[in-house]
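Undergrad: model this:
(one chain, ligands or ions: 1)
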Amino acid sequence: MIKSIWRYSHLTLAVSSFLFLLLAAVTGIILSAEPISQKNKSYGQGNLDEITVAQLIPTLQAKYDEVTSISVSHKRFVEIQAIDTAGGDVKAYISPETGKVLGQIEQKNEFFQWVTTLHRSLFLHSAGRIVIGLTAFLLILIAISGILLTIQRQRGLRRLFAKIHKDDFSQYYHVVLGRILLIPILIIAISGTYLSLNTLGVLKTAKKGVEVNIDEIKSGPQKKIKDFEVFQQISLSDVEKIEFPFSTDIEDYYILTLKDREIAVNQVTGVLLAESKYPFALLATNLSLDLHTGRANLIWALVLAISCIGILFFIYSGFAITLKRLSKRTRNKFSAAESQFIILVGSENGSSYGYASHVHQLLIKAGKKSYITTLNQYTVYPNASQLIIFTSTYGLGDPPANAGKFLQLVLEKPQLQPVQYSVLGFGSKAYADFCKFAFDVHNELGRQNWSTPLIDIHTVNDKSLQEISLWAEAWSQQSGIELPGFPKQKRLKTKSLQQFVVRSNTAIGTETATFQINLDAKRKLKVKSGDLLAIYPANDHRERLYSIGVVAGAIQLSVRLHPDGLGSGYLHKLKAKEDLKAKIIRNPHFYFPKQASKVIMISNGTGIAPFLGMIDENEKQVPCYLFSGFRASASFEPFKSFLAAKIEDQKLTRQHIAFSREGEKQYVSDLIKLEADWIAESLKNAAVLMLCGSLAMQKDILAILETICQEKTGQSISFYQSRNQVLTDCY
Ligand SMILES: Cc1cc2nc3c(=O)[nH]c(=O)nc-3n(C[C@H](O)[C@H](O)[C@H](O)COP(=O)(O)O)c2cc1C
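TA: Below is the predicted model of the structure:
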């Protein structure tokens, strides 16, 4: 909520001032070139910090007939107005060491003068100054709101300069450059605002001037100028102007305009006659001018130029980010109440919204009543049969800005009819809590009595089109609705199928219709236990996916025969040596973990298939525990000797088998409950839990694991899910 407020403030401020900011930045870049260009000229000779007024004046008096004034410019050039020994007027830059003329004083370049007026007042006098002053003030607010947003994004002030994951070009550089240029931009904005207040006459910056009491001026004792103590203490770098006495009359005196005060000095005795300190507002104005124009320092002038270019980039990238967010918004054709498909989106920067919107349009095209909105708008949907949730994760596994209320809303607003749901999480493995919020959503929906998962949760790392495709395949298969062309571009090619030959095909168990089929690839293929085999039983678009276990070099599928099942019916009929066209789909999120203190495998029914392969391939003898549920002991029979041999080989450490229709009539979830302490301890010690089987089993197990984790580890199960310690592949 607070984040949204800052974001909208940042955006509103930027939108309301962008034209003037654009103008100020462009003119600012041009003006910053002025001091840089002039610095090249070699009028700034001598070290002004080391030359005192007591040294300068005698040098000049020896060289010129009469000196009227000396000025030291902000560029540290010394200028003289004098009459030379030949009686000619001199108005020139001189060397403060020798008094020698270095060059004639130039008028300010007309072009720079024109740009300066545009920059300061848009040629609109007071009205223009007010607009420019306001723009500078808005820039302060934009910079402050920007830095607050960055702190939130980086999860705290301490991590402000922590590494940023490069996600989107505009966003990445908006933040990276924002962090670097924040201070100079704030300085430009504050000094600009102050200068505008000054030119508008709001500040009291008028100098009082020195007031000399003529009656107190003494004519002795006379001193040489080089011995004037006051002059000895003032170096040229402190001087803005020295006005020489008009005549040798004792009532005429030196007036020195210094950086912080004005003084009058007796031309005969060198005594300080009067002093007038400048008001604070004037000192601040001078400092603001130095800071805002870079007139006093070449490097600072360069920083200002870069900052102005930065402002132009922020305007561009800020609008690019906003346009991306807005372009993903979709209008609804049907109302929420009448729609059957409800697409709920959690998206911070619009990419998840873009994919969701595409699915929404495809559903409408397919003649379905679909409604799309954000997760925070979740409510009761009287005609909904399916919730499709696309959500990203931000911060410490937190919801994106438009999804923060969802978990609470789900509890407050139960649906009144059974609804199926599927969750697609968008995230990045560059963050510790990968897709954590999507897991939270999936788990919370799993706990509602009105909801059942249509398919298992899917996650997408760095917008991988292949992973989005996997979700689309699974969703289409279960819902019976095609999503042609989703996601755009690299949809998996269904035509490029590979050739397999059946090694063996056995019916498994007596009373169940499950069977095991072993296949060999005709050509050498990359395949791992956990991958999926896609078959096209009717030689059309209809695809069926099966989990693969690689056992003794063969691709092994465990299949349950469904009455009229398209895929299972087709596989059931295949005989040894028969050919089959199919495709391996890489499913790396469900591979045997490379690093785990132990692996706990949980399955029911044919979900054991990938685990058989993983156990067979466990050459490193990583401690492996199998919890499997079957209806009857007969269903377990085909695996019994294989698993016993694996225990012997120390590829499997322990097995726990539950039969739901025999003996104690246990489910695999009952076995897990019995091992609650051990499971919690294992998770704390980097174990990985793998679940494969039915979605109903997954729902039960996740609910039990949630309780175990909350009670015994103080974390939610999604904490472990987001750290790849709980892997699921259910259907
Ligand atoms: C500041 C920031 C924090 C993020 N934090 C996480 C995170 O904790 N976990 C995660 O899986 N992804 C994280 N991501 C990645 C995003 O979730 C991912 O890029 C997603 O595709 C963005 O989708 P959206 O554009 O719909 O918001 C983060 C991205 C950013 C920019």
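
Undergrad: For the residue of the stretch 401-550 of the chain found nearest the ligand, give me phi and psi.
TA: Sorted by distance to the ligand under Cβ to the nearest ligand atom, the residues of the stretch 401-550 of the chain start with Gly427, at 2.2 Å. In short, each C-beta sits where N, CA and C put it, glycine included. Dihedral angles phi and psi of Gly427 (degrees, to the nearest 10) take the values phi -170, psi -160.

Undergrad: go on, Ile600?
TA: Dihedral angles (degrees, to the nearest 10) for Ile600: phi -110, psi 120.

Undergrad: so how many other residues sit close to it?
TA: Close neighbours of Ile600, defined as other Cβ atoms under 10 Å, add up to 26.

Undergrad: and it, what does it touch?
TA: Neighbour list for Ile600: 625, 627, 679, 682, 687-690 [criterion: Cβ atoms under 8 Å, 6 or more residues apart in numbering].

Undergrad: Report the beta-bridge partner residues of it.
TA: In this entry, Ile600 is beta-bridged to Tyr625, Leu689, by DSSP bridges.

Undergrad: Spatially, what comes nearest to Lys429 if we skip its sequence neighbours?
TA: Leaving aside its chain neighbours, Lys429 sits nearest to Asn461 (5.0 Å; criterion: Cβ to Cβ, 6 or more residues apart in numbering).

Undergrad: same thing with Thr391?
TA: Among residues not flanking Thr391 along the chain, Gly346 sits closest, at 3.2 Å (Cβ to Cβ, 6+ apart).

Undergrad: Write a ChimeraX command that selects only the buried members of the contacts of Ile600.
TA: In ChimeraX syntax, the buried subset of the contacts of Ile600 is picked out as below (16 or more other Cβ atoms under 10 Å):
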select :625,627,679,682,687,688,689,690
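
Undergrad: hmm, which two among the contacts of Ile600 are most spread apart?
TA: Phe627 and Val688 (13.7 Å; Cβ to Cβ).

Undergrad: Residue numbers of the stretch 251-400 of the chain in contact with the ligand?
TA: The stretch 251-400 of the chain has residues 347-353, 392-395, 397, 400 near the ligand, with proximity defined as Cβ under 6 Å from any ligand atom.

Undergrad: Could you find the lowest-pLDDT member of those?
TA: Across these, the bottom pLDDT score, 71, is held by Gly395.

Undergrad: which residues does Leu22 contact?
TA: Residues counted as contacts of Leu22 (Cβ under 8 Å, 6+ apart) are 312, 315.

Undergrad: Off-centre distance for the helix or strand hosting it?
TA: Per DSSP states H and E: Leu22 is located in helix 2-39. Distance, stretch centre to chain centre, for helix 2-39: 22 Å (Cα atoms, centre = their mean, to the nearest Å).

Undergrad: Let me see the ranges of the helices in the stretch 201-350 of the chain.
TA: For the stretch 201-350 of the chain, the helices defined by DSSP state H, counting those that start in this stretch cover 229-232, 280-293, 298-327.

Undergrad: between the second one and helix 298-327, how many degrees?
TA: This means helix 280-293. 70 degrees (axes from the mean of the first three to the mean of the last three Cα atoms, to 10 degrees).
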